[in-house]
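Student: dropping the sequence and predicted coords here.
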Amino acid sequence: MEHRYGVRYPSAIDVYVRSHSGRLAAKGQLLDVSISGAFVSTSLSIAPLSSITLEVISVVHSVRRWKPIEAQVIRRTDGGLGIEWKDLTPAALSQLVDGGQLAPAVLRHPARVHR
């Protein structure tokens, strides 16, 4: 049975994924996003309930300065991480829509759920 809140929308947002300690890091891609979380395709092997930070790659290389988006790993699969936002603020959400990366996805049908 599905226990998620909100609809997930497909995306292709490139991110840096880092453990809270910063010792583990890898590139990844947000495959689907919702107001409560996302699924990140990444090779980073990190345990559920771990804290991570995400940085949108296009935003990292821009002149604007943004803070990393804090999240918690809810589940880990062979394909990546299911995450839940710790506190998705309007400023953090704008990073996800910066440059139109997410906006077109909202107009499409909801994403397939990754299990």
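Tutor: Arrived safely, thanks for sending.

Student: please make it C-alpha for all contacts and neighbour counts, starting now.
Tutor: Fine.

Student: buried sites along the strand or helix carrying residue 76?
Tutor: Take DSSP states H and E as the rule and residue 76 turns out to sit in strand 69-77. Buried residues in strand 69-77, counted by 16 or more other CA atoms under 10 Å: 69-76.

Student: out of those, which one has the lowest pLDDT?
Tutor: Lowest pLDDT of the buried residues of strand 69-77: residue 69, 88.

Student: separation between that one and residue 24?
Tutor: Residue 69 sits 16 Å away from residue 24, taking CA to CA, to the nearest Å as the criterion.

Student: ok, how many other residues are close to residue 41?
Tutor: 21 (other CA atoms under 10 Å).

Student: for it, which non-adjacent residue is spatially closest?
Tutor: Using CA to CA, 6 or more residues apart in numbering and skipping the chain neighbours, the partner closest in space to residue 41 is residue 80 (4.3 Å).

Student: show me the contacts for residue 26.
Tutor: 16-18, 42-44 (CA atoms under 8 Å, 6 or more residues apart in numbering).

Student: tell me which of those fall in strands.
Tutor: 16-18, 42 (DSSP state E).

Student: so where do the helices sit in this structure?
Tutor: Assigned by DSSP state H, the chain shows helices spanning 57-60, 90-97, 103-106.

Student: mean pLDDT for these: which is lowest?
Tutor: helix 103-106 has the lowest average pLDDT among those, namely a mean of 44.

Student: ok, the closest residue to residue 68 other than its chain neighbours - how many residues close by?
Tutor: Leaving aside its sequence neighbours, residue 68 sits nearest to residue 55 (CA to CA, 6+ apart; 5.0 Å). A count of nearby residues for residue 55, using other CA under 10 Å, gives 22.

Student: and residue 55, what does it touch?
Tutor: Per CA under 8 Å, 6+ apart, neighbours of residue 55: 15-17, 67-69.

Student: ok, residue 27 next?
Tutor: Counted by CA under 8 Å, 6+ apart, residue 27 has contacts 14-17, 42-43.
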